[in-house]
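let me see the structure of the following:
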Amino acid sequence: MVPNLVTALTGPINELEQRVLDSMPAIERWFRLEWMEHTPPFYSSVDVRNAGFKLAPVDTNLFPSGWHHLTPEMLPLAVQAAMAAIEKICPEARNLLVIPENHATDAGYLASLAQLQRIFNMAGLNVRLGSIDPAIKKTTVMALPNGDSITLEPVIRGKRRLGVKDFDPCTILLNNDLSAGVPGILEEVYEQYILPPLHAGWSTRRKSTHFKCYEEVAKRMGKLLGIDPWLINPLFEKCGAADVAPGVGLEALLTKIRRKYKEYGIKEKPFVVIKADNGAHGMGILSVHDAKELPGLRLPAQHAGPGTRATPMLQDILVQEGVLTKERMNDAVAEPVVYMMDRYVVGGFYRIHAGRGIDEDLSAPGADFVPLAFEHSTHMPQPGVRPGASAPNRFYMYGVVGRLAMLASSYELEATDPEAEVYD
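Model prediction:
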């Protein structure tokens with residue numbers, strides 16, 4: 001099922017689609033050369049927004065859940081990508097330990113863990129789920145809505161290694177974004193690979209750093225395609241938490257966006273999105289159309305269900321250009337989420353929300369999920385089809401933007417690596 005795009009079959013997005021398709025060999029070669037120099041994150045997911053006049057990532061997750069929303073047809077892609085990722089890191093790997101979020105009781109999250117376990121099993125690994133949640137003191141079996149179950153075991157820390165009872169893994173896969181900080185049990189592990197690295201967690205990571213890196217790769221992709229990089233890049237400003245109420249940086253950003261809207265003849269009202277710079281879990285996301293709206297406004301609290309991620313302490317604020325979504329499914333607003341493992345797009349889904357507007361965050365209670373038809377289309381675009389008329393072409397374009405965000409994450413992790421060698 002493919003959402004209809006509520007936009008005319010003319011305009012910048014269709015010109016962008018045509019440029020992307022015409023440049024496909026150059027794009028794939030460009031990515032290939034980048035991956036010779038940079039290591040992709042082990043896995044990632046990217047929220048993409050299609051405004052009809054621009055297409056841009058608005059969030060990149062390096063500890064993605066939601067794997068259970070991928071269709072069975074997507075699994076072979078995920079398994080092949082998992083094999084490629086493991087072969088590069090630890091070719092002789094036999095055992096993989098997945099460390100989930102603490103308080104993991106949410107049925108959706110548990111189903112996602114089960115799907116991850118399935119993917120790595122099929123990639124040729126013994127997989128166990130090891131919890132660092134202090135509440136998990138013994139092996140705990142948790143039932144899933146479909147009748148299956150998963151088993152969480154308490155992690156055991158040796159002198160230099162992590163494991164669970166009678167299980168010594170070569171690699172530790174974190175599915176825990178470390179919002180509450182890096183627990184001591186994960187520190188100074190020298191004999192096993194921890195993926196993603198600890199500095200990918202929200203105790204270190206900042207969205208502003210990520211989008212600065214994304215701005216760099218978007219400029220280079222814009223040059224390759226011969227387009228204005230703004231068409232694939234959301235503008236942003238970083239502010240101290242205390243600066244938001246008076247609107248420091250916000251009015252300047254809105255002015256930049258208005259200028260771009262005028263340049264492209266866009267009639268929509270520009271807006272910005274205010275979010276925590278160090279992760280959004282537990283923090284609400286605020287859409288603002290005018291700096292006058294700010295006095296008295298606070299970041300709303302985000303719904304926190306059981307098994308949701310810990311809330312990091314609010315330090316800085318990211319003020320980001322708001323990107324509308326012009327996609328609809330059954331009258332509900334929709335946005336694509338692209339899933340990647342190693343350097344490959346493995347699938348994705350549409351997040352849809354009947355109760356939200358085109359300028360609002362859809363990652364909220366009441367959201368629904370519809371799998372993308374990526375299994376037939378990630379690398380199988382249809383050249384020659386009229387722009388805007390082909391779902392595979394649209395999905396290929398989403399995959400390009402998703403991979404750009406993944407590459408930006410790679411740059412970001414290199415820049416923030418505490419153990420990086422520095423050359424004068």
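
what are the ranges of the strands in the stretch 101-250 of the chain?
126-131, 140-143, 149-154, 156-157, 162-163, 171-175, 193-195, 236-240 (DSSP state E, counting those that start in this stretch).

now do the buried residues in the third one.
Buried residues in strand 149-154, defined by neighbour count with 16 or more other C-beta atoms under 10 Å: 150, 152-154. Glycine gets a C-beta too; all of them are placed from N, C-alpha and C.

between the strands of the stretch 101-250 of the chain, which gets nearest to residue 335?
Each of the strands of the stretch 101-250 of the chain was scored for nearness to residue 335 using C-beta to C-beta, and the closest is strand 236-240 (18.1 Å).

starting at the chain centroid, how far to that closest one?
A distance of 20 Å separates the centroid of the chain from that of strand 236-240, by C-alpha atoms, centre = their mean, to the nearest Å.

note down every partner strand of that strand and its orientation.
When pairing is defined by DSSP bridges, strand 236-240 lines up against strand 316-321 (antiparallel).

name the strands paired with the next helix-or-strand element following the strand it pairs with and say parallel or antiparallel.
Going down the chain from strand 316-321, the next helix or strand is strand 327-329, by DSSP states H and E. Counting by DSSP bridges, the strands paired with strand 327-329 are strand 4-5 (antiparallel), strand 332-341 (antiparallel).

what segments of the chain are helices?
12-22, 24-37, 75-89, 107-122, 207-225, 250-264, 391-416 (DSSP state H).

which one of those is the most hemmed in?
helix 391-416 (a mean of 23; mean count of other C-beta atoms under 10 Å).

which strands and helices lie in contact with that helix?
Packing partners of helix 391-416 (3 or more C-beta pairs under 8 Å, 6 or more residues apart in numbering; DSSP states H and E): helix 12-22, helix 24-37, strand 43-50, strand 55-61, helix 207-225, strand 332-341, strand 344-353.

can you tell which of these is closest to residue 140?
Of all the helices and strands packed on helix 391-416, strand 43-50 comes closest under C-beta to C-beta, at 24.7 Å.

ok, and what's touching that closest one?
For strand 43-50, contacts defined as C-beta atoms under 8 Å, 6 or more residues apart in numbering pick out 5, 13, 55-62, 64, 66, 85, 196, 323-327, 335-342, 348, 351, 363, 394, 398, 401-402, 405-406, 409.

shaky segments in the stretch 251-400 of the chain?
280-283, 294-315, 373-391 (pLDDT under 70).

swap the cut-off to 50 and go again
Applying pLDDT under 50 to the stretch 251-400 of the chain flags the ranges 281, 303-306, 375, 377-379.

what's near enough to touch residue 29?
Counting by C-beta under 8 Å, 6+ apart, residue 29 has no contacts.

try the one 10 residues further on
Applying C-beta under 8 Å, 6+ apart, one finds that residue 39 lies in contact with 410, 413-414.

let's go with 7 Å and repeat that
residue 410 (C-beta atoms under 7 Å, 6 or more residues apart in numbering).

burial check on residue 292, number of neighbours?
Residue 292 has 9 neighbours, counted by other C-beta atoms under 10 Å.

same thing with residue 418?
8.

returning to that earlier point: which stretch among the helices of the chain comes nearest residue 285?
That would be, of the helices of the chain and by C-beta to C-beta, helix 207-225, which comes in at 11.2 Å.

could the C-alpha coordinates of that closest one be exported in PDB?
The C-alpha trace of helix 207-225 is given here as PDB (Å, rounded to 0.1, in the frame of the first residue of the first chain):
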ATOM      1  CA  LYS A 207      21.500  16.400  17.200                       C
ATOM      2  CA  SER A 208      23.100  19.700  16.300                       C
ATOM      3  CA  THR A 209      26.400  17.900  15.600                       C
ATOM      4  CA  HIS A 210      24.600  15.300  13.400                       C
ATOM      5  CA  PHE A 211      22.800  18.000  11.400                       C
ATOM      6  CA  LYS A 212      26.000  20.000  11.000                       C
ATOM      7  CA  CYS A 213      27.600  16.800   9.500                       C
ATOM      8  CA  TYR A 214      24.400  16.300   7.400                       C
ATOM      9  CA  GLU A 215      24.700  19.900   6.100                       C
ATOM     10  CA  GLU A 216      28.200  19.000   4.800                       C
ATOM     11  CA  VAL A 217      27.100  15.900   2.900                       C
ATOM     12  CA  ALA A 218      24.000  17.600   1.600                       C
ATOM     13  CA  LYS A 219      26.100  20.300   0.100                       C
ATOM     14  CA  ARG A 220      28.300  17.800  -1.700                       C
ATOM     15  CA  MET A 221      25.300  15.800  -2.900                       C
ATOM     16  CA  GLY A 222      23.700  19.000  -4.100                       C
ATOM     17  CA  LYS A 223      26.800  19.800  -6.100                       C
ATOM     18  CA  LEU A 224      26.700  16.300  -7.600                       C
ATOM     19  CA  LEU A 225      23.000  16.600  -8.600                       C
END
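
residue contacts, residue 271?
With C-beta under 7 Å, 6+ apart, residue 271 has these contacts: 287-289, 322, 359.
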